[in-house]
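**Q** Structure of the sequence below:
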Amino acid sequence: MRVYSAPILAQVAHVQHVLEAHGIECRIQGEYRSGAVGEIPPSEAWPELWVVDPADAVEAQRLVDEAIEAPEPEAPGWTCPRCGEPNEGQFSACWKCGTDRPDDLSEPAP
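**A** Presented below is the predicted three-dimensional model:
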């Protein structure tokens, strides 16, 4: 049973890994159909992810929805212990003085 389709094979492979990590056996189908675009509609050429056991379809679809809609976790901001400059969470070093972000982020940036 098909549970996911996307225009980019890497997206389908990512979802496949998510399902397999939860013990759901699945297969990618149609990964080489892109050469048929023009003869068939582009969306018909997208690779598809199919679960092997139809009994897994409901749980697989829930995991697919969760995987493709999950926002990236936002790292908390932090204050440089050396110069006191507030830094956004994605920085691993202070943008102003270059000091590495401390492992203990108990004091977030204001």
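**Q** Name the helix or strand for Lys96, please.
**A** For Lys96, there is no host helix or strand (DSSP states H and E).
**Q** Please tell me how far it sits from Pro86.
**A** 10 Å (Cβ to Cβ, to the nearest Å). For the C-beta atoms, the positions are set from N, CA and C on the backbone; glycine is no exception.
**Q** Name the residues contacting each of those two.
**A** Between them, Lys96 and Pro86 share the neighbouring residues Cys80, with contact defined by Cβ atoms under 8 Å, 6 or more residues apart in numbering.
**Q** can you pull out the strands in this protein?
**A** All strands of the chain, identified by DSSP state E, fall at 2-5, 26-29, 48-51, 78-79, 86-87.
**Q** Mind listing the strands the fourth one pairs with, and their directions?
**A** The reference is to strand 78-79. strand 86-87 (antiparallel) (DSSP bridges).
**Q** Check the first one too.
**A** Pairing partners of strand 2-5, with direction, according to DSSP bridges: strand 48-51 (antiparallel).
**Q** centre of the chain versus the partner strand, how much separation?
**A** 17 Å (Cα atoms, centre = their mean, to the nearest Å).
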